[in-house]
Each structure stands twice: as structure tokens, then as C-alpha cells.
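> please find the sequence and the predicted model below.
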Amino acid sequence: DAGVIQSPRHEVTEMGQEVTLRCKPISGHNSLFWYRQTMMRGLELLIYFNNNVPIDDSGMPEDRFSAKMPNASFSTLKIQPSEPRDSAVYFCASSLRAGAYNEQFFGPGTRLTVL
Amino acid sequence: QKEVEQDPGPLSVPEGAIVSLNCTYSNSAFQYFMWYRQYSRKGPELLMYTYSSGNKEDGRFTAQVDKSSKYISLFIRDSQPSDSATYLCAMSNQDNYGQNFVFGPGTRLSVLP
């Protein structure tokens, strides 16, 4: 199994540009999560989907952030317009089902730098 | 006060030492407690999961939860250089994820050969 796949691995962009991060969860997993990790704030849950439906997006920092999951094998996290404070590592994770007792498998992350 | 606190380290120990990693929390409703290990430039991976209070052992790793003190610990016996990583605690007060699923900031551990 290839695990959770994220692309790109690194992204450098200028303030004001649109950024799209992509995630392919593990096949057969029904829950997908987007996290952001920074030194200051640690690992924060942004949004999670269950069966392709967004369940809780209360962690999304503001309207500039949006996430979609058009099918069970693909999700995107979009930032428009990007700002320097969005610089962070963004992780996607998936689990077989929702629930704290179901192990989340994390992807390698996308390291985003906004200049 | 942050909801989950963890000493950021770095913590350096010699190979073979017993390591104790700890988290304190403020939300008494937390019932699900997890420890994740994160190697440099990698995503976190689940190490241990505990529900409510008590101990759980898995090989060289032991997780303890003391809900009365709002304190959880991860012990690593016979530590190895391969244990060098950042350890994150995580907790939740419900079965589902959401805004109540909180990670600690992580403790960076170095095990020296």
C-alpha cells in the first residue's frame, strides 16, 4: 500500500497567489483529515470529511481556506489569496472510519512557504 | 493557559535509558488519549491509544493516564537511537473528531548512542 499521498511536497509562492494542496487517501478509508503544523501553534486540525462529506470545518482559519473532497480518492485544500502567515507544513491523514479509536495515517506533508 | 501542555524539550538521554514524556491538560472531559511519534520531515504516526484512566503496555512503550490529575505519560524502556523523534500527545472528549481533538506541541527526544 502506498499510504497517503500528498502533492506537492514543497510549494513556494508569493503573497496573494492561489495555492492548491492535494491528497490521495489510503484506498478504502472513509475519513480524511487536513492538519496544519507550525512551531508556534503545533498541529491543528483544520477540517475533516467522512464519506466525502465535510463534518467539521471549525478549525479552518478563515474564508481564504477551502477544502473539497469530490470523491473517495481525492481531496484538495485551497488557500486564496495566500499570506505569509499561512507558511506551515500541511498534512493530510486518513482513517478507516471516524472516531478517536481509529488510527489516522498521515501523509508526508506539504511544506508551504508564502513570501 | 493552553488546553494541552507539553515540555518541548529537547530531551537528550543515553541509549538504554528509561524515558518519561508527559502532558498535562485542562479539559476534564477528555477521555481518549493518544501518543504519536513524528520523525523529522515526516508525518506523525500513532504509537499508543488509551481510553479513560489506567496503563497500557506495548513492547518497550507504556502509556499511563491519570484523569484525576489531568496528566498522561509515555514511558520508553531501553531507549534506542531510533526512538529519536518528536512525541506528540493528543486527546479528545468524544468518539468523533472535530474541534475537541487536540494535539500537544510535542517533545523532541534525542537518544544518544
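Ah, there it is. Numbering: from 1, shown residues only, chains lettered A, B, ... in the order given.

> give me the neighbour count for residue A:99.
15 (other CB atoms under 10 Å in any protein chain shown). Glycine gets a C-beta too; all of them are placed from N, C-alpha and C.

> got the contact list for residue 54?
Using chain A. Residue A:54 is in contact with A:47-48, A:67, A:69, counting by CB atoms under 8 Å, 6 or more residues apart in numbering or on different chains.

> chain B was what I was after
Residue B:54 makes contacts with B:64-65, as judged by CB under 8 Å, 6+ apart.

> now do 10 Å
B:63-67 (CB atoms under 10 Å, 6 or more residues apart in numbering or on different chains).

> filter those down to the buried ones and hand me the PyMOL line.
Those of these that count as buried under 16 or more other CB atoms under 10 Å in any protein chain shown are selected in PyMOL with:
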select buried, chain B and resi 63+64+65
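
> go through the contacts of residue B:54 and flag which are in strands.
B:63-66 (DSSP state E).

> mind checking the SS state of residue A:85?
helix (DSSP: H, G, I helix; E, B strand; the rest coil).

> now it: closest residue in space, sequence neighbours ignored.
residue A:114 (7.8 Å; CB to CB, 6 or more residues apart in numbering or on different chains).

> how close does the one you found get to chain B?
Plainly put, residue A:114 is 19 Å away from chain B if you go by CB to the nearest CB, to the nearest Å.

> can you tell me how far that residue sits from residue A:38?
Separation of residue A:114 from residue A:38 (CB to CB, to the nearest Å) stands at 12 Å.
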